[in-house]
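*Asks:* give me coordinates for this.
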Amino acid sequence: MDLAVLRRAVDYGAASDAAALSMKNRLRDLRSERGWSQGDLAARLAVSRQTVNAIETEKYDPSLPLAFRIARQFALPIEKIFEDGEGKRR
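*Replies:* Take a look at the predicted model:
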């Protein structure tokens with residue numbers, strides 16, 4: 001991520017720059033395929049249901065340790081669940 005873009009997003013609240021910083025994810029689809037509620041997944045990950053909701057709605061990017069726990073829960077590489085918004089998911 002370009003530091004100048006990050007500074008503009010933080011300093012000036014540039015919506016388009018801030019949106020580019022958000023990671024896209026497949027968490028809702030993966031969870032639904034397994035018939036799990038947000039609460040079920042939250043319990044498996046040892047986080048709150050609100051955290052799962054915030055990640056699914058792309059209002060919150062998980063920490064790296066949490067992203068690894070999510071990947072392990074679904075037995076997928078992280079890049080099959082998350083993308084940085086600039087590249088395409090593999």
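*Asks:* now the helices for this structure?
*Replies:* Under the criterion DSSP state H, helices of the chain are mapped to 3-12, 15-21, 27-33, 38-45, 49-56, 64-74.
*Asks:* relative to helix 38-45, how tilted is the longest one?
*Replies:* So that's helix 64-74. Angle, helix 64-74 to helix 38-45, by axes from the mean of the first three to the mean of the last three Cα atoms, to 10 degrees: 110 degrees.
*Asks:* may I see the buried residues of helix 64-74?
*Replies:* When burial is assessed from 16 or more other Cβ atoms under 10 Å, helix 64-74 yields the following buried residues: 66, 67, 70, 71, 73, 74. The way it works is simple: take the backbone N, C-alpha and C, and place the C-beta from them, glycine included.
*Asks:* that helix packs against which elements?
*Replies:* Using 3 or more Cβ pairs under 8 Å, 6 or more residues apart in numbering; DSSP states H and E as the contact definition, the elements that helix 64-74 packs against are helix 38-45.
*Asks:* which other helices and strands contact the helix it packs on?
*Replies:* Counting contacts by 3+ Cβ pairs under 8 Å, 6+ apart, helix 38-45 packs against helix 27-33, helix 49-56, helix 64-74.
*Asks:* show me the contact partners of that helix.
*Replies:* Helix 38-45 is contacted by residues 27, 31, 36, 48-49, 51-53, 56, 66, 69-70, 73 when judged by Cβ atoms under 8 Å, 6 or more residues apart in numbering.
*Asks:* recalculate using a threshold of 10 Å.
*Replies:* Residues lying outside helix 38-45 but in contact with it, judged by Cβ atoms under 10 Å, 6 or more residues apart in numbering, are 27-28, 30-31, 34, 36-37, 47-53, 55-56, 62, 66, 69-70, 72-74.
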